[in-house]
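Trainee: predicted model, plus sequence, below.
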Amino acid sequence: MGLFDRFTKGKNETLDKGLEKTKENFFTKITRAVAGKSKVDDDVLDQLEEVLVTSDVGVDTTLKVIERIEERVARDKYVGTDELTAILRDEIVKLLTENNNDDLAEFAVPAEKKPYVIMVVGVNGVGKTTTIGKLAHQFKKRGLSVYLGAADTFRAAAVEQLDIWGSRVGVPVVKQKMGADPASVAFDTLSSAKSHNADVVIIDTAGRLHNKINLMNELTKIKNVMSKIVPDAPHEVLLVLDGSTGQNAFEQAKHFTAATEVSALAITKLDGTAKGGVVIGISDQFKIPVKYIGLGEGIDDLQVFRRKEFVDSLFGS
């Protein structure tokens with residue numbers, strides 16, 4: 001076994017452990033749905049539909065999956081319940097493949113964009129600042145220089161938390177006093193990062209779910225100011241969602257995608273919930289790639305999202 005194989009195996013084990021509650025919940029429900037049945041009939045499909053909806057896959061995505069399974073059952077004439085799991089797994093992988101860009105091999109940014117600017121958005125409490133800290137750690141581990149910008153100036157705790165992560169990871173944090181103009185903080189961060197030839201800049205933003213127009217204006221102002229320093233910044237708008245909130249994560253995604261052009265998703269706290277199906281539904285409904293998943297409290301527990309690996313772990317394969 002080579003080094004890469006050992007690394008991949010370790011990652012899979014972490015993923016398996018992180019998705020344990022979701023997998024247990026999922027399979028308990030599927031087992032109940034097919035109990036006493038030998039073939040996939042309308043009753044089994046109705047039961048499966050309920051399983052997916054109650055696993056937070058979402059109604060629209062669930063109906064899409066059920067329709068695909070119906071087509072396969074009709075085409076193959078006879079499909080036993082023992083084959084249902086394999087078909088379901090296959091269709092979910094296809095769905096994620098359709099709705100995501102290519103999987104990342106590792107934590108990386110395009111070398112031709114320097115500094116690579118990531119603006120992070122999301123409501124308070126979803127693990128936004130923690131995700132930023134863990135992301136900075138992963139980039140630094142790979143030899144990249146990182147700057148953090150504390151542009152959530154409406155909560156003193158947000159600035160303090162980012163400061164703590166900066167110290168822990170060993171990366172500079174640019175900040176101003178509480179209540180300062182977030183765009184001004186972003187401007188200072190990019191100016192400093194550019195003068196020090198940094199590779200990556202990660203900007204934290206306020207997580208208030210207030211009036212959508214105000215949020216849109218605030219995020220637009222930050223983006224406009226950053227583009228004065230780095231013309232095509234931000235290169236990525238990363239929306240952080242708490243996977244344990246289930247359907248509420250869908251509502252948050254609707255709010256932020258309406259307020260700004262979200263280009264990637266990070267879904268956190270999957271280790272503490274049975275609602276991991278939300279990853280499938282959000283990916284499908286918003287057509288935005290899930291880039292990272294959070295599987296624990298540890299500094300290394302943020303992982304790059306890989307579709308097949310996720311589904312294999314979910315289905316215990």
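Mentor: Good, I have the coordinates. Numbers count the residues shown, from 1 in each chain.
Trainee: before we move on, what SS does residue 291 have?
Mentor: Of the three states, residue 291 takes strand according to DSSP: H, G, I helix; E, B strand; the rest coil.
Trainee: any chance you could read off phi and psi for the nearest residue to it once chain neighbours are set aside?
Mentor: What sits nearest to residue 291 in space, not counting adjacent residues and going by CB to CB, 6 or more residues apart in numbering, is residue 264, at 4.1 Å. Using the backbone N, CA and C atoms, a C-beta is placed for each residue, glycine as well. Per-residue torsions, residue 264: phi -160, psi 160 (degrees, to the nearest 10).
Trainee: residue 264: neighbouring residues, count only.
Mentor: Number of residues near residue 264 (other CB atoms under 10 Å) recorded here: 20.
Trainee: so what's the spatially most central residue of the chain bridging to?
Mentor: For the chain, the residue nearest the mean C-alpha position is residue 266 (2.1 Å; CA atoms, centre = their mean). Going by DSSP bridges, residue 266 is paired in beta bridges with residue 240, residue 292.
Trainee: ok, it - contacts?
Mentor: Residues near residue 266 by CB atoms under 8 Å, 6 or more residues apart in numbering: 131, 135, 238, 239, 240, 241, 290, 291, 292, 293, 294, 302.
Trainee: give the buried residues for stretch 168-179.
Mentor: Of all the residues in stretch 168-179, those buried under the rule 16 or more other CB atoms under 10 Å are 169, 171, 172, 173, 174, 175, 176.
Trainee: nearest to residue 275 among the residues you listed?
Mentor: The shortest gap between residue 275 and any of these belongs to residue 169, at 28.9 Å (CB to CB).
Trainee: returning to that earlier point: could I get the buried residues of stretch 168-179 in CSV, plus columns for pLDDT?
Mentor: Converted to CSV, the buried residues of stretch 168-179 look like this (pLDDT from 0 to 100):
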residue, pLDDT
169, 96
171, 98
172, 98
173, 98
174, 98
175, 95
176, 94
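Trainee: after the host helix or strand of residue 60, next one along is what?
Mentor: Using DSSP states H and E, residue 60 sits in helix 59-76. Sequence order places helix 81-99 as the next helix or strand after helix 59-76, per DSSP H and E.
Trainee: and the angle from that following helix to helix 59-76?
Mentor: 120 degrees (axes from the mean of the first three to the mean of the last three CA atoms, to 10 degrees).
Trainee: surely the residue nearest to residue 291 touches residue 238?
Mentor: Yes. Counting by CB atoms under 8 Å, residue 264 touches residue 238, with 4.9 Å between them.
Trainee: quick check: neighbours shared by the two?
Mentor: With CB under 8 Å, 6+ apart, residue 264 and residue 238 have common neighbours 291, 292.
Trainee: that older thread, keep only those of the buried residues of stretch 168-179 that are in strands.
Mentor: 173, 174 (DSSP state E).
Trainee: circling back: check what pLDDT the residue nearest to residue 291 gets.
Mentor: On the pLDDT scale, residue 264 is placed at 93.
Trainee: what distance do you get for it to residue 257?
Mentor: Computed with CB to CB, to the nearest Å, the distance linking residue 264 and residue 257 is 12 Å.
Trainee: quickly list what's touching both of those two.
Mentor: The contact lists of residue 264 and residue 257 share 239, 288, where a contact means CB under 8 Å, 6+ apart.
Trainee: pretty sure residue 206 contacts residue 159?
Mentor: No. The criterion here is CB under 8 Å, and residue 206 misses it with residue 159 at 11.0 Å.
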